[in-house]
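Undergrad: model this:
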Amino acid sequence: MTRVDTVSPAELVGTDFGPHEVLVETALLRLFTKVVGMNDPVHHDPAAAARAGLPGLLVPPTYLFGLERQHPEVPRIIDKLGIDIGSVLHGEQSFRYHAPCYSGDVLSFRPRFADYYEKKGGALRFLVRDCAVTRDGDPIAELRNVVVIR
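TA: Here you go, the predicted structure:
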């Protein structure tokens, strides 16, 4: 395997990953909602969603973070940073919704590195990634993810 020349996380602040479209697949969404214990049938039962007047299964807020990770630049950036994935911890995540989304939607994800900072003399490094999610150009959500690198 060829190793990419690594860069410091601070050099990537402002980097835009570019857009990436993802289809919200019904089977994967149903599996996710079952695993996390979502009991409302509009999340996993197409007939219940239809009775509620929805165009598909309702996507729960945290599901978008998993879809964002399908962006092809994510593994390339991790490689470029030279990060040992075993040293990465989940710091925090937040989201702001503008509109609901559903199974069958094609969503566009556009992540970018928003910030980088260190604590404890560099022993803990924090990488902040923001992501705009749209459907047909209309805003769906704004995601923020903070990872901690030990």
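Undergrad: so which helix or strand takes in Leu29?
TA: helix 26-35 (DSSP states H and E).
Undergrad: identify the residues contacting the next helix or strand after that helix?
TA: Using DSSP H and E, the helix or strand that follows helix 26-35 towards the C-terminus is helix 46-51. Residues outside helix 46-51 that contact it (Cβ atoms under 8 Å, 6 or more residues apart in numbering) are Thr26, Pro41, Val42, Gly56, Leu57, Leu58, Tyr102, Ser103. (C-beta placed from N, C-alpha, C; glycine too.)
Undergrad: for stretch 107-117, buried residues please.
TA: Using 16 or more other Cβ atoms under 10 Å as the burial criterion, the residues of stretch 107-117 that qualify are Leu107, Phe109, Arg110, Pro111, Arg112, Phe113, Ala114, Tyr116.
Undergrad: the fourth one contacts Val133, correct?
TA: No. Taking Cβ atoms under 8 Å as the definition, Pro111 is not a contact partner of Val133, at 9.5 Å.
Undergrad: which ones are touching the spatially most central residue of the chain?
TA: What sits nearest the mean C-alpha location of the chain, by Cα atoms, centre = their mean, is Phe65, with 2.7 Å. Contacts for Phe65 (Cβ under 8 Å, 6+ apart) come out as Gln93, Phe95, Leu143, Asn145.
Undergrad: put the alpha carbons of stretch 17-32 into CSV.
TA: C-alpha atoms of stretch 17-32 as CSV (Å, rounded to 0.1, in the frame of the first residue of the first chain):
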residue,chain,number,x,y,z
PHE,A,17,-14.8,17.8,0.5
GLY,A,18,-17.1,18.7,-2.4
PRO,A,19,-20.6,17.3,-2.8
HIS,A,20,-21.5,13.7,-2.6
GLU,A,21,-25.0,12.3,-3.3
VAL,A,22,-26.4,9.4,-1.3
LEU,A,23,-29.7,7.5,-1.8
VAL,A,24,-31.5,6.9,1.5
GLU,A,25,-32.1,3.2,1.1
THR,A,26,-35.2,1.8,2.8
ALA,A,27,-33.7,-1.5,3.9
LEU,A,28,-30.7,0.2,5.6
LEU,A,29,-32.9,2.8,7.2
ARG,A,30,-35.2,0.0,8.6
LEU,A,31,-32.2,-1.8,10.0
PHE,A,32,-30.8,1.3,11.6
